[in-house]
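Novice: The following comprises the amino acid sequence and a computationally predicted model.
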Amino acid sequence: MTHDHCRRPFRCVALALAGAIAGHMTIALPAQERPVAIHNARILTMAGEPIDRGVVLIRNGKIQAVGAEVPIPAGAKRVDAGGGTIMPGLVSAFSRAGLTEPRGDPDQRRSSRRSFRRSRGSRSAPKASNRAARKIADQLYSRQDVFGELAQAGITTLGLAPRDDGFSGRGAVIDPTATDAATMVLNDEAFLLITPVPGSKAKKLVKEALVKAKKLVEERKKPKPAAAKPAEGDKTEAKDEAAKTEGKPADKPQDKKPPTDAAKGKGSAPGQGGPGKGKGKGKPKKDPNIDAIADALEGKTRAFVDLRSAYRLVHYLKAAGDHQFPDTVVVASTLDNNEGRLDEVVKELRGLSEVVLMEAKLTTPAFGRAVECPAATLVDQGFDVGFLLPDQPSQAREVFFALMELVRHGLPQAKALAGVTAVPAQALGVDDRVGTIAAGKDADLLLFTGPPLDPASRLERVWRRGRAVEEAKR
Amino acid sequence: MRALTTAALAVVLLPVLAADLTGQRRRRFPRRPPAAEPADPAEAPSEKKAAKVERWVAVRGGDVYLGTGQLLRRATVLIGDDKIKAVGHDLDVPDEAEVIDARGKAVAPGFIAVKARGMGAPSYADEEFADSLNPFSPDIKLGLSAGITSYLAQVDRGTDVPGGRSAVVKLAWGDVDGMLVAQDTVYTMRVPLSAAKWRALRERVEKAKEGLAQGKDAGKDAAKPADKSTTKGQGGTTPGRSARGGDKGPDAVTKILRGEAKLWVTSSGNFDVGPLRQALEISRLLGHGVVLDNPVGAWVIPDEVAATGSMAVVSPRLRVRPDPGRPDDTGSNLAQAAILGEAGVPVAVIPPGGRFGGSGLGRNGILGQDLHTLHLDAAFAVRGGMEDRRALRTITLDAAKTLGVAERIGSIEPGKDADLLILDGDPLHYRTFVETAIVNGKVVYEKDKEPFYSHIHR
Amino acid sequence: MTLGARSALVVLAAAAASVSAQRPADSTAPLLIRADRFLTMAGPTLHDGAMLIRDGKIVAIGAGAQIDAPPGAEVLDLGRRTVTPGFVDLHHHVSSGGGDINDMVLPTNPELRTLDTVRPSARVIRETLSGGVTTTLFIPGSGTNLSGFGALLKMAGDTLEEMVIRELGAMKVAQGFNPERRSGDLGASRMGMHLLLTETLERGRDYAQAWRDHRAGQGPQPDLDPRLEQLRAVFDGKVPVLIHTAGARDCVATARMFQDVFGVWMILSHGTFDGWWAATALAARGTPVNLGPRTYDFDRDGHFQGIAAGYWDSGCTDLSINTDAPVIAGEQLQVQAAMAARLGLPTQAALQAVTIQPARQIGLGDRVGSLEPGKDADFIVTRGDPLDPRNPPELVFIEGEIVYRAGDVP
């Protein structure tokens, strides 16, 4: 119990209580917990109008009820929010936090600096590869401080994305408060990431893979002539192959049995309808990467397409042609001034997705100082805009300042907050559990001392599934 | 006074010069008949009704510089989709046409920069350039502000044999499909060649000719054997460079022999008479004119150049000093563009090289030396004695010819791409600005709407 | 020369006029020039004019009907041509036949001069002349803080004596950027440079003062210091200082140092990059500016802000334009003026900026830069607007002599 941050005495009691129920995260809890009622709070549910003075009732890590008139059951632990603001925990849908890969994206060209001599650019075409089957969860190093620190910064759900150009692999949804890989990964096939780059080879790669995957989808639709068994066997073998080619240890159990949470989520195990083709040719050669892409084409997995610029978008559309993924989220991991911004090609963008995850950043045109807010433009055009949260905890804490800037330049406040909660949750396919405050959802909550977009407000508490995320010892 | 008559100049000259003119003689070579000029397009608007036009645009009432050397005053250019449909007076303009008033303005073909960089083309050699073109490059707008609508992007160069990679790229802002005019219509090589390299080149060409002769009716596939040998030969002479345009199609020599591509010849040293004659020898070997890249000595032997059907890319104002110790090293001449033009050699002009000149769109404060003012280089051709409207051709139609794409761009004629400029005055005047640039029938630049020159009112 | 003549032929192909006289060897005979248009730079454009020249000087200029050829005079009727004063370039480095010259050991070199390096036979001088440039200030480079004295030259002559107008044309000072590149010594930055320059100037000022006092009978005769003799000319007001600047910072610092503190005759050169931001401060002091070779500042809004236009609009109207040859070829001074006009400087001001303005700035306002009685007969003949690259000088006269005919330099 630390009292030093209780600057307002009347709130100390409340915090003491909250702390008491939170306990330590690693302690196993009984099946039935005492309900917790957070009261005296302004609640931004992100699912409707804010509740000026209301109660969030939590039981077993879930929100049991929320509203102005929620009766607090006898025996419930009462947490006085002291008039502060409660909002859903942040969802960082596209993060590379804690991955082992080297940092730095060679293809990332920034143009913010004004230079007398412009660089001649690369002398070789961008390279891309098909690693669709690769799971980023396999590359996760769970025991890292960064996750806990991100959780303290308010991020209660984290989407991890692979990095390479082309078909980058499958992203994962993780619990940043967990400490071991087994409980950390909630869904290891949350999305298939495609990072298209221009250039003949890269575009051909995308095109050909999509054609093959489409064919596979057609085959899967045919009635199964043979038992599923051999197909399943094939699949495992193929996956092993894939793992070998990537030089990474195969993780068969994980492959076969996705973590329990995933079963409920959208990303179910792929390849259920394994085709029994190639009777004449003996063992059909199966490419697990194509399999993974086919899953996304069928809508079993959603697709994230990291487009960054209008330039990449138009080339991706040419490469992908008609082979569109039913569930697509456009990501703009950087906004490049030299390649046109996505909000300049709204029509084409809309054809791809209505959900865009982008940097929470203002931009200036290539020539001129006019400050523009691409996020506001897209929101005006009816897009659901989510914001990318930085991988560095210190920077992640600053996201609210970035959002304030966007709000000052025309982004509605509610959209700014939805952009770090409801929209990224929807993008990751975890909106049934997180992203809003509603009965039945996970009790992932943030308590601010005031309106979250007020510079005077402070993030005071973070709950993940009803448990307080402990402050780091300083 | 023989020079006077041979020059066919029926003008009065300053008597102060007369004394210097006597005794001037040139060697004469059989001259190729000049390519037939297209008939007055106003009389023959090719109204192809085959494809239905979705969108009509009429640029009305401007003084239209066709780019061929002709000028139609107060005429209308009718654009259907991305092509020019008709040029002339009293045209039947469809009711639904969008009319752009160009009265009191000049209308000219978009300028073509035969040496340039940036503006949306990749800096690497892609198999298909179209796969890497960036229609949102900010340099595109900058290029359009200078009146440039197409340029040659060269990303690799041949050395001892024709090679390299190149693309003719259009500044079709925002339209990735409208950017590529052609790829690998320009190959390059260098002279002088050693005896052994000359022999190797000759063998290459003979082989390619054989290949062509054998497979005359077989079309493209016939070139395949030659194609293979090319790759081998290429590896031997110019390691690390590819002479081939992508994976498919015939090799550079075959394409040049078929007239499908131009060969640009440059010199590793001063491009004076010695290496020039070797370049012309190459053109005779190929049976096609070559494009002489910055041939500073060509003004000494204009008729020799003309006789091979070759073309030239020059910077009229570039000063290359003669070497008095070497009679062949004549240096450059301000009049070189004019002299070559008069001999019937199509000439394209480029800005001078040097610290602040060259093939870029500088942002360093020096104006008048680079692509921001390509029209000034045509003006310098006039300074050297070229006739005004012919000089406009050096950055339009004749520039397109050196790139092998004159069927599509370079002039305002029916059937050609609708790439044109509306200018606030004489196209070659130093104070003239582009008011509107149209590429593929679409307005892609307006002076008032872009920052560059919007604050300047003439 | 046949090749040269050939190009001349082409150059003049479209010529419609007939010139009736060739300059004879006896140049003492008066010469009457008739032409459609005289851009005198000393009043409105003169149409259908005549200009009488004797002994290399203009003796009369006016309406053609009012000036008759005196007995024995030759008449050169240029018809529909334009006569403009020869151009004057105050920032020119190449009359030695090479590039910039700089002695890079000491930061201040008031004892050096370019005079001894002039090469009258240099081809670049003839090239410069072919662009209509008749007067240049041949200055040393800007690699050191005070690099020496430039010679003021006419662009024709077989000997140095024939070319020189003033041996000490101007003292060259470099205030920013170029001289800052050396490291490890005092003077590596603007701060140390300021100190060294001030010290040198103070020595020169005191030395000049001591001599003046002595001449006025108010002091002993100072010891002759050859190292300060040239600098003395600056403080005696005989020679101006031409100062290389880079950006608004240097512009203001320069005006403060040379106008406010030392009060010497000065010309601010370059004034480029964001220098036009300082134009208001300079206009208030009436600072003469010599702009170039940069002609625009590509500002953060993407505007091509004309530098000359920026100065002009701020009231800084005492402006001339340079080439900084070899940065821009000396013969392309007219392109520099044309680009200033393109970016918004009034055309007349652009013409003045390469004729009468630089002449006045360098103290030759009574000799060159305009077509007025009493002035040197330095002028160029073109088919039209002399700033248009399409109109090359067909003839260039210096002191009444044809020194260049189209095609002389191929």
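Specialist: Here it is on my side, so go on. Numbers count the residues shown, from 1 in each chain, chains lettered A, B, ... in the order given.

Novice: drop to CA atoms for contacts and neighbour counts, all remaining ones
Specialist: Will do.

Novice: At which residues are the helices of chain C located?
Specialist: C:2-11, C:123-130, C:160-163, C:190-215, C:226-235, C:248-254, C:279-285, C:307-313, C:333-342, C:347-352, C:356-361 (DSSP state H).

Novice: do you know which of these lies nearest residue C:28?
Specialist: Of all the helices of chain C, helix C:160-163 sits nearest to residue C:28, with 17.0 Å by CA to CA.

Novice: what packs against the helix or strand hosting residue B:378?
Specialist: Element membership for residue B:378, per DSSP states H and E: helix B:374-383. If contacts are counted by 3 or more CA pairs under 8 Å, 6 or more residues apart in numbering or on different chains; DSSP states H and E, helix B:374-383 sits against helix B:336-342, strand B:347-349, helix B:388-393.

Novice: so where do the strands sit in the stretch 251-400 of chain C?
Specialist: C:266-270, C:289-291, C:296-298, C:304-306, C:319-321, C:379-382, C:395-398 (DSSP state E, counting those that start in this stretch).

Novice: which residues are contacting the longest one?
Specialist: Counting contacts by CA atoms under 8 Å, 6 or more residues apart in numbering or on different chains, the residues outside strand C:266-270 that touch it are C:91, C:240-246, C:251, C:254-255, C:258-259, C:287-294, C:322, C:361-362.

Novice: re the thing from before, kindly reformat the strands of the stretch 251-400 of chain C as a markdown table containing mean neighbour count and mean pLDDT.
Specialist: A markdown table is the format used below for these (neighbours: other CA atoms under 10 Å in any protein chain shown; pLDDT from 0 to 100):
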| stretch | mean neighbour count | mean pLDDT |
| --- | --- | --- |
| strand C:266-270 | 27 | 96 |
| strand C:289-291 | 30 | 97 |
| strand C:296-298 | 24 | 93 |
| strand C:304-306 | 25 | 95 |
| strand C:319-321 | 30 | 98 |
| strand C:379-382 | 27 | 98 |
| strand C:395-398 | 24 | 98 |
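
Novice: I'd like to know which of those lies nearest to residue C:222.
Specialist: Using CA to CA, these put strand C:266-270 closest to residue C:222, at 26.3 Å.

Novice: ok, how many other residues are close to residue C:111?
Specialist: 16 (other CA atoms under 10 Å in any protein chain shown).

Novice: Pull the contacting residues for it.
Specialist: Residue C:111 touches C:148, C:149, C:226, C:227, C:228, C:229, C:230, C:231, counting by CA under 8 Å, 6+ apart.

Novice: quick one: the last one and residue C:112 touch, right?
Specialist: The reference is to residue C:231. No - using CA atoms under 8 Å, residue C:231 is not in contact with residue C:112; the gap is 10.1 Å.

Novice: higher neighbour count, the two?
Specialist: The residue with more neighbours, out of residue C:231 and residue C:112, is residue C:231; 26 against 19, by other CA under 10 Å.

Novice: Leaving out chain neighbours, which residue sits closest to that one?
Specialist: residue C:204 (5.5 Å; CA to CA, 6 or more residues apart in numbering or on different chains).

Novice: same thing with residue B:91?
Specialist: With CA to CA, 6+ apart, the residue lying closest to residue B:91 is residue B:76, at 7.2 Å.

Novice: Which strand or helix spans the one you found?
Specialist: strand B:71-80.

Novice: closest point of the stretch 351-458 of chain B to chain A, which residue?
Specialist: residue B:364 (5.8 Å; CA to the nearest CA).

Novice: What is the neighbour count of residue 152?
Specialist: In the absence of a named chain, this looks at chain A. By other CA under 10 Å, neighbour count at residue A:152 equals 26.

Novice: Not quite, go with chain C.
Specialist: Residue C:152 is flanked by 26 other residues according to other CA under 10 Å.

Novice: Looks like residue C:316 contacts residue C:285 (just checking).
Specialist: No - at 9.2 Å, residue C:316 does not count as touching residue C:285 under the criterion of CA under 8 Å.

Novice: Comparing the two, which residue is more hemmed in?
Specialist: Shown here are residue C:316 and residue C:285; by other CA under 10 Å, residue C:316 has more neighbours (24 against 14).

Novice: check contacts around residue 383.
Specialist: Defaulting to chain A. Contacts of residue A:383 by CA under 8 Å, 6+ apart are A:354, A:355, A:356.

Novice: Let me rephrase: I mean chain C.
Specialist: Here residue C:383 is in contact with C:15, C:80, C:81, C:82, C:391, C:392, C:393, C:394 (criterion: CA under 8 Å, 6+ apart).
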